[in-house]
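**Student:** Whatever this is, show me its structure:
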Amino acid sequence: MQIAETAEQKRAKKKGHNEKDLKTCFIIAGCSGAGKSTIVKHSHALDVKLFGKEFHEDFKKTRSGSPHQEFDKYSDAIRNGATFEGRHIKNLKDEKDPPKHILMHVDLKSLIRTLGHRAASENDKRKIKSLTKFPTPHEDRVNPKVCDLLVSSFLKHQFFSRFDAIVINTVYTDCDKNYVQKMKRDRPNEKIKRHKKSEIFSREHHAMYEAWERNIYLLKPSRISFTTVCEDGGLYSNNKCICPDWTSKVSPNNDLNYFNKILAYFRKSESKN
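**Tutor:** Okay, the predicted model is just below:
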């Protein structure tokens, strides 16, 4: 599908920006708590071909330190390597000489809540404003029209047009597992309880992933992968195991029984409802 240039892309050309002056943009996407950071960090450490064999050598160039690190602040990220957050896109747009190969983390919840608004062109901002508020309220995060507009507004950002290749890997977990992982990360000392609004969060979770999948074609990606950790403990990408015994390799001291008991409790509660 041929996609017309945005006004921002045309203005960039007038300013002398080379539309294809960068090499590869690796995007790792998923909801907060899906395991994106863990998967990237240990893929570097274990030499896992997370983005496929063809792009593996370029993926290794995005490694920031040993072990691999991520930085919240853009100034730290640009100084220490080539791994960035989705919210750094405006800084990267203005960067005179960004890394030729970058890895960008895209938190789908943040994308629907705020990032889609902030990354949008002026024209798309007007469309968004006519449909929802900022930040996007919960009731609108399940609206396909709103989600599609916010995701597409981010994906149409002019920065992406500078790359020869864009490679996307979406990390998927179901809503319950996502919630448990996020709570264990953010509040490790608290007892994990089922959230009262879990049904709403589940609908949001599905709406965000579906909108992302519907719109990633806008980037004309060279490769698309969907990755998950399966029940056998292996890391799978596009239904192929790319790292057997992944769980034991990355979390040798993890209490899997405790983790699985929490998931079983959530699913049992759902069946009763």
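**Student:** so what's the closest residue to Leu219 other than its chain neighbours up against?
**Tutor:** Of all residues not flanking Leu219 in the chain, Ile166 sits nearest, at 4.7 Å (CB to CB, 6 or more residues apart in numbering). C-betas here are computed from N, CA, C, even on glycine. Shown in contact with Ile166 (CB atoms under 8 Å, 6 or more residues apart in numbering): Thr24, Cys25, Ile27, Phe160, Leu219, Lys220, Pro221, Ser222.
**Student:** Buried subset of the residues you listed as a PyMOL selection?
**Tutor:** To isolate the buried members of the contacts of Ile166 in PyMOL, using 16 or more other CB atoms under 10 Å:
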select buried, resi 24+25+27+160+219+221+222
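**Student:** Sitting in strands, which of the contacts of Ile166 do you find?
**Tutor:** The strands, defined by DSSP state E, take in Thr24, Cys25, Ile27 from those.
**Student:** Below-threshold pLDDT in the stretch 51-200 of the chain: ranges please.
**Tutor:** 175-198 (pLDDT under 70).
**Student:** Sketch out the helices for it, chain order is fine.
**Tutor:** Secondary structure of the stretch 51-200 of the chain by DSSP state H, counting those that start in this stretch: the helices cover 56-60, 74-80, 89-94, 108-110, 116-119, 122-131, 144-155, 175-186, 198-215.
**Student:** okay, these in TSV with distance to Leu50 and mean neighbour count next?
**Tutor:** Below are the helices of the stretch 51-200 of the chain laid out as TSV (distance: least, CB to CB, whole Å; neighbours: other CB atoms under 10 Å):
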stretch	distance to Leu50	mean neighbour count
helix 56-60	6	15
helix 74-80	19	15
helix 89-94	21	16
helix 108-110	18	22
helix 116-119	24	22
helix 122-131	31	13
helix 144-155	21	21
helix 175-186	18	18
helix 198-215	18	18
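**Student:** Next, format these as CSV and append distance to Ile39.
**Tutor:** Formatted as CSV, those follow (distance: least, CB to CB, whole Å):
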stretch, distance to Ile39
helix 56-60, 12
helix 74-80, 18
helix 89-94, 21
helix 108-110, 15
helix 116-119, 24
helix 122-131, 31
helix 144-155, 21
helix 175-186, 11
helix 198-215, 16
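**Student:** Near the nearest residue in space to Trp246 that is not next to it in sequence, how many other residues are there?
**Tutor:** On the basis of CB to CB, 6+ apart, the spatially nearest residue to Trp246 that is not a chain neighbour turns out to be Leu235, at 3.8 Å. Neighbour count of Leu235, defined by other CB atoms under 10 Å: 26.
**Student:** how near is Leu235 to Leu108?
**Tutor:** Between Leu235 and Leu108 the computed distance is 20 Å (CB to CB, to the nearest Å).
**Student:** now swap in Gly35 and tell me
**Tutor:** In terms of CB to CB, Gly35 sits 13 Å off from Leu108.
**Student:** now do Glu231
**Tutor:** 23 Å.
**Student:** Am I right that Gly116 is in contact with Leu155?
**Tutor:** No - contact criterion CB atoms under 8 Å: Gly116 and Leu155 do not qualify, at 9.3 Å.
**Student:** so what's Phe163 up against?
**Tutor:** Counting by CB under 8 Å, 6+ apart, Phe163 has contacts Lys20, Leu22, Lys23, Thr24, Cys25.
**Student:** who touches the last one in this structure?
**Tutor:** For Cys25, the contact set (CB under 8 Å, 6+ apart) comprises His101, Ile102, Met104, Phe160, Phe163, Ala165, Ile166, Val167.
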